[in-house]
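A.B. asks: using only what follows, build the 3D model:
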Amino acid sequence: MRNYILRRLLLLIFVLFGVTLITFILMHIVPGDPALIILDKLSSNTELLLKLRHKLGLDKPLIVQYWEFLKNLVRFNLGDSITLHASVRELIFERFPLTLKLALFSLTIALLIGIPSGVISAVKQYSTIDTFFTIFALFGVSIPVFWLELLLQILFALKLGFFNVSGYMSVKDLFLPSLALGLIYSASITRFTRSSILEVLHMDYVRTARAKGLSEKTVITRHVFRNALIPVVTLVGMQFGGLLTGAAITETVFDLPGLGKLLLDAQLNRDYPLIQGGIIFVAIIFGLSNLSVDILYAFLDPRIRYD
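C.D. replies: Coordinates of the predicted model:
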């Protein structure tokens with residue numbers, strides 16, 4: 001198990017190195033001069049511009065700039081935001097806790113709805129309840145998340161007045177965005193759980209368990225559910241990684257000061273240091289999320305450890 005985790009960690013390091021290289025290259029390919037942006041394009045003083053480029057290290061060869069970038073990255077020094085005039089690291093750490101809360105609440109709702117509905121739908125195949133959950137899943141994967149969020153705002157905020165329309169004052173303000181994301185993500189979990197369980201139900205060892213006289217409940221809980229979890233774990237891991245990196249649309253609709261909205265605003269304002277730092281942070285989050293899924297795989301199916 002230790003060797004398995006070490007291999008995954010080494011792979012993660014290589015992936016992150018590749019991300020840093022690609023990010024660095026892209027930031028130098030896109031049009032725009034960071035020094036000119038800092039000066040707000042108001043100064044035509046060439047000498048001042050050259051001094052600022054020298055201070056930022058933009059006049060050095062690219063290989064030297066990349067080496068400096070890696071050294072700063074090891075110390076998690078991501079530079080300063082051009083538009084917000086603050087440390088990129090501090091901005092990310094300031095916004096990330098809210099996004100983490102939103103991700104945890106949303107995924108909890110998605111799991112509480114998606115897994116039970118998927119299991120019931122598979123066990124009761126071709127029944128009325130199976131049809132209901134299938135239609136629910138179809139609508140869930142088809143509806144744009146912002147449309148559902150606007151409906152929830154109109155119903156629960158404007159009409160009933162239970163919640164604020166937007167903004168963040170307390171944890172209560174995360175209920176509507178979490179509910180919207182949870183409902184959307186639960187649809188995919190329902191479909192994956194249903195298809196995975198239906199596949200396992202036709203395995204030989206399941207028929208053997210039934211032939212031994214075990215109850216249907218025992219067959220489902222002990223022999224089917226755990227073996228059907230692996231595809232679901234993959235999906236949930238990807239969803240959680242995506243939520244942790246910031247649900248930009250949701251945070252924008254509800255005006256939540258989270259990581260997603262921060263990075264979206266950075267792109268609109270061409271804030272290159274913040275974009276670059278955000279991409280690196282997102283890559284780390286996705287990498288750790290996938291690593292966690294791989295480790296969970298090994299616990300669910302010990303054979304994976306020796307592949």
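A.B. asks: on the three-state scheme, Gly213 is what?
C.D. replies: coil (DSSP: H, G, I helix; E, B strand; the rest coil).
A.B. asks: Gln125 in helix, strand or coil?
C.D. replies: From three-state DSSP, the assignment for Gln125 is coil.
A.B. asks: wait, it sits on Leu198?
C.D. replies: Yes - the pair Gln125 / Leu198 is scored as a contact, 6.7 Å apart, by C-beta atoms under 8 Å. In this view, the C-beta of every residue, glycine as well, is placed from N, C-alpha and C.
A.B. asks: who's more crowded, these two?
C.D. replies: Just comparing Gln125 and Leu198: by other C-beta atoms under 10 Å the higher neighbour count belongs to Leu198, 16 against 13.
A.B. asks: hang on, isn't the more buried one packed against Ala122?
C.D. replies: Yes - Leu198 lies in contact with Ala122 (C-beta under 8 Å); the separation is 4.9 Å.
A.B. asks: buried stuff in the strand or helix carrying Val64?
C.D. replies: Assigned by DSSP states H and E, Val64 falls within helix 62-74. Judged by neighbour count (16 or more other C-beta atoms under 10 Å), helix 62-74 contains these buried residues: 65-66, 69, 73.
A.B. asks: name the helices or strands packed onto that helix?
C.D. replies: helix 2-29 (3 or more C-beta pairs under 8 Å, 6 or more residues apart in numbering; DSSP states H and E).
A.B. asks: which parts of the stretch 101-250 of the chain are helices?
C.D. replies: According to DSSP state H, counting those that start in this stretch, the stretch 101-250 of the chain carries its helices in the segments 128-142, 145-152, 175-201, 204-211, 216-218, 225-244, 248-253.
A.B. asks: Ser106: which of those is closest?
C.D. replies: helix 175-201 (3.8 Å; C-beta to C-beta).
A.B. asks: now do the closest one: distance to the chain's middle.
C.D. replies: Here the centre of helix 175-201 is set off from its chain's centre by 16 Å, with C-alpha atoms, centre = their mean, to the nearest Å.
A.B. asks: then stretch 193-210?
C.D. replies: 31 Å.
A.B. asks: and that stretch, end to end?
C.D. replies: 21 Å (C-alpha to C-alpha, to the nearest Å).
A.B. asks: and what of stretch 77-94?
C.D. replies: Length of stretch 77-94, first residue to last, C-alpha to C-alpha: 15 Å.
A.B. asks: now do the buried residues in that stretch.
C.D. replies: Using 16+ other C-beta under 10 Å as the test for burial, stretch 77-94 gives 78-84, 87-89, 91-92.
A.B. asks: just for the stretch 151-300 of the chain, where's the confidence low?
C.D. replies: 245-246 (pLDDT under 70).
A.B. asks: go again using 90 as the cut-off
C.D. replies: 157-172, 200-249, 252, 260, 263-300 (pLDDT under 90).
A.B. asks: what's the offset of the helix or strand where Ala298 lies from the middle of its chain?
C.D. replies: Assigned by DSSP H and E, Ala298 falls within helix 272-300. The gap between where helix 272-300 is centred and where its chain is centred comes out at 9 Å by C-alpha atoms, centre = their mean.
A.B. asks: go through that helix and flag the buried ones.
C.D. replies: Judged by neighbour count (16+ other C-beta under 10 Å), helix 272-300 contains these buried residues: 272-287, 289-291, 293-298.
A.B. asks: got the contact list for the residue nearest to Gly114 when sequence neighbours are not counted?
C.D. replies: Nearest non-adjacent residue to Gly114, counting by C-beta to C-beta, 6 or more residues apart in numbering: Ile189, 2.8 Å away. By C-beta atoms under 8 Å, 6 or more residues apart in numbering, the contact set of Ile189 is 110-111, 113-115, 118, 232, 235-236, 239.
A.B. asks: next one: Leu21
C.D. replies: Tyr66.
A.B. asks: where's it relative to Ile92, distance?
C.D. replies: Using C-beta to C-beta, to the nearest Å, Leu21 is found at 21 Å from Ile92.
A.B. asks: wait, what's in contact with the residue nearest to Ile275 when sequence neighbours are not counted?
C.D. replies: Closest residue to Ile275 apart from its sequence neighbours, by C-beta to C-beta, 6+ apart: Ala266 at 5.0 Å. By C-beta under 8 Å, 6+ apart, the contact set of Ala266 is 81, 83, 274-275, 278.
A.B. asks: again, but for Leu50
C.D. replies: So Leu50 contacts Asp59 (C-beta under 8 Å, 6+ apart).
A.B. asks: tell me the contacts of Lys60?
C.D. replies: Glu68.
A.B. asks: which element is it on?
C.D. replies: Using DSSP H and E, Lys60 falls within no helix or strand.
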